[in-house]
Structure formats: C-alpha cells, structure tokens
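J.: Below is the sequence, then the predicted model.
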Amino acid sequence: MVGLTWDHTEDLGLSLYEKFPDKDPLQIRYTDLHKWVTELEEFDDDPAKSSEGKLEAIQMAWYEEWKENRG
C-alpha cells in the first residue's frame, strides 16, 4: 500500500481528526500541523514538500470532519 502524501488532504484531515478528536483544527499552528502530519504512521512523503496552501487544505479537511462530529 502506498502511503499518504501532501496531496491526500481529505485522508490526512480524517487521520488527524481520529488522532486528535478533541482539538479544534482552527486553533492549531501550521508548525504543529506540519509536525503532526509528518508523524502520522500512514504519511509517506517528503516533509519539505509541504506548502502553506497544502497545510491550509489539510486543516480545512480536518475542520470539516471535526465540525461534522460535533453534533
């Protein structure tokens, strides 16, 4: 199985939600978001290939998942 890359925003957002269900994604700094993405077991990409746009997309995917599960 191929691991997740920076372009798998929806999957990364879901993985972050599953790992940190009580964290509000909009309160996370990009430096922490980058660190947490690269520490995910299923992540398999070059940490240097991230960009602000990619981090923002992952954050928004995580936020949508978080919001949906708040009831």
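T.: Cool, the structure landed. Computed from a predicted model, the values in this text were never measured in an experiment.

J.: Run through the protein and note the low-pLDDT ranges.
T.: Low-confidence segments of the chain (pLDDT under 70): 1, 71.

J.: how about the strands of this structure, start to end?
T.: In the chain, no strands are defined using DSSP state E.

J.: in it, which spans are helices?
T.: Assigned by DSSP state H, the chain shows helices spanning 9-19, 30-39, 52-68.

J.: what's in contact with the shortest one?
T.: Read it as helix 30-39. Here helix 30-39 makes contact (Cβ atoms under 8 Å, 6 or more residues apart in numbering) with 6, 12, 16, 19-20, 28, 43, 47, 50, 52, 55, 58-59. In short, each C-beta sits where N, CA and C put it, glycine included.

J.: Need the CA coordinates for it. PDB is fine.
T.: The C-alpha trace of helix 30-39 is given here as PDB (Å, rounded to 0.1, in the frame of the first residue of the first chain):
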ATOM      1  CA  TYR A  30       0.900  25.400  10.900                       C
ATOM      2  CA  THR A  31       4.200  24.400  12.600                       C
ATOM      3  CA  ASP A  32       2.300  21.900  14.800                       C
ATOM      4  CA  LEU A  33       0.100  20.800  11.900                       C
ATOM      5  CA  HIS A  34       3.200  20.100   9.800                       C
ATOM      6  CA  LYS A  35       4.800  18.100  12.600                       C
ATOM      7  CA  TRP A  36       1.600  16.100  13.300                       C
ATOM      8  CA  VAL A  37       1.100  15.300   9.600                       C
ATOM      9  CA  THR A  38       4.700  14.000   9.200                       C
ATOM     10  CA  GLU A  39       4.300  11.900  12.400                       C
END
